[in-house]
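> With the sequence up front, the predicted model follows.
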Amino acid sequence: MIMGAAAALVSVAALWRYGRAVWYPAYRSVAGRLTVEDILRDYGPAAEGRLKPHFEKAGAAYPPPRVALLAFKEEKRLELWAGKGRGWAPIRSYPILAASGKAGPKLRRGDRQVPEGIYRIEALNPNSSYHLSMKLNYPNADDCARAKEDERSDLGGDIFIHGKDVSIGCIALGDPAIEELFVLVARAGIGSVTAISAPCDLRKQGKTVDTSSLPAWVPRLHQDIACALRDFPIAPRAD
């Protein structure tokens, strides 16, 4: 009996952690749909209480006129930058708790790759199965153009930056981090956000990626990403 109870507890724990995408939509349909305003009310004060001191330390306005999110897959780190005057100020960084795949862009549905490129946030999801989430505009025009060159179709989609610590092709930051970023982006406006997803921190001298097994256009993509990252010089870590 004890072993059966223990097995049941393990099953429930596994369902809670890994099966949220299954049970959470049903729960929300009963509990009611949340709005962005609900999130700002319920999580905003605590999230901004944690985040605003970082803005004050950087001498940046809150909410800022522009937001940049830099995700580095190899380093498992996401950096938050805020527009300050004509330039950018580093605000803080977050560990990426889960991001499946390896170096290289997302090419098709089901490849479990985190996309690489320069994106924007196209929607905030307060009813995410992974606590809260922000949807990237993958595939963007560049992704579609490269797919046309390669004669690829079904590029996939629904790529998010979200909470929790599990992911299949998305970027999982944990709940406190996504609360801060969700509230920040809601305050600043999704149109103010640039999201750069890189295979590694290409700002570092001599940092390269083995692209021998990837499509011929990938080095050009990484060069474009490296050029975009020049606006964000490596700064002391602000975790």
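Now that the structure is in, tell me what you want to look at.

> ok so residue 94 is a helix residue?
No - per DSSP: H, G, I helix; E, B strand; the rest coil, residue 94 lies outside any helix segment and is strand.

> quick one: it from residue 103, how far?
20 Å (CB to CB, to the nearest Å). (C-beta placed from N, C-alpha, C; glycine too.)

> Between those two, tell me which one has more neighbours.
Between residue 94 and residue 103, residue 94 has the larger neighbour count (other CB atoms under 10 Å), namely 22 against 19.

> Distance check, the more buried one against residue 106.
Taking CB to CB, one finds residue 94 at 21 Å from residue 106.

> cool, residue 75 as well?
Counting by CB to CB, the gap from residue 75 to residue 106 is 19 Å.

> Comparing these two, which residue is more hemmed in?
residue 106 (22 against 15).

> need the contact list for the more buried one.
Residues near residue 106 by CB atoms under 8 Å, 6 or more residues apart in numbering: 113, 114, 115, 116, 138, 139, 143, 155, 156, 159, 169.

> just residue 180 next, same as before
47, 48, 50, 51.

> how about the strands in the chain?
Secondary structure of the chain (DSSP state E): strands located at 67-72, 77-84, 87-95, 117-125, 133-136, 160-162, 171-172, 193-198.

> Give me the buried positions along stretch 113-126.
By neighbour count on 16 or more other CB atoms under 10 Å, the buried set for stretch 113-126 is 113, 114, 115, 116, 117, 118, 119, 121, 124, 125, 126.

> since we're on residue 212, how many residues are nearby?
Counted with other CB under 10 Å, residue 212 comes out at 6.

> How about the backbone phi and psi for it?
phi -60, psi -30 (degrees, to the nearest 10).

> distance of residue 157 from residue 189?
The gap separating residue 157 from residue 189 is 23 Å, by CB to CB.

> tell me which helix or strand of the protein sits lowest on mean pLDDT?
Every helix and strand in the chain was compared by mean pLDDT, DSSP states H and E; the lowest is helix 20-31, with a mean of 51.

> In contact with the residue nearest the centre of the chain, which residues?
The residue lying closest to the centre of the chain (CA atoms, centre = their mean) is residue 161, at 2.9 Å. Taking CB under 8 Å, 6+ apart as the criterion, residue 161 is in contact with 69, 71, 78, 133, 134, 136, 170, 171, 173, 178, 181, 195.

> Please apply the same query to residue 84.
Contacts of residue 84 (CB under 8 Å, 6+ apart): 58, 59, 60, 61, 64.

> Could you pick out the buried ones from these?
Buried among those (16+ other CB under 10 Å): 58, 60, 64.

> Go through those residues and name the one nearest residue 38.
Closest approach to residue 38 among those (CB to CB): residue 64, at 23.4 Å.

> I'd like to know how far that closest one sits from residue 122.
The spacing between residue 64 and residue 122, counted by CB to CB, is 19 Å.

> Flag the shaky bits of the protein, pLDDT-wise.
For the chain, applying pLDDT under 70 flags the ranges 1-32, 235-239.

> what about the helices in it?
In the chain, the helices defined using DSSP state H lie at 2-18, 20-31, 36-58, 141-150, 175-188, 218-229.

> now the angle between strand 67-72 and the fifth one, please.
Per axes from the mean of the first three to the mean of the last three CA atoms, to 10 degrees, the angle that helix 175-188 makes with strand 67-72 is 150 degrees.

> Check the fourth one too.
Counting by the same axes, to 10 degrees, helix 141-150 points 40 degrees away from the direction of strand 67-72.

> Now for the residue nearest to residue 144 when sequence neighbours are not counted: which residues touch it?
Nearest residue to residue 144 in three dimensions, chain neighbours excluded: residue 155, at 7.2 Å (CB to CB, 6 or more residues apart in numbering). Residues near residue 155 by CB under 8 Å, 6+ apart: 106, 107, 108, 109, 138, 139, 143, 144, 147.
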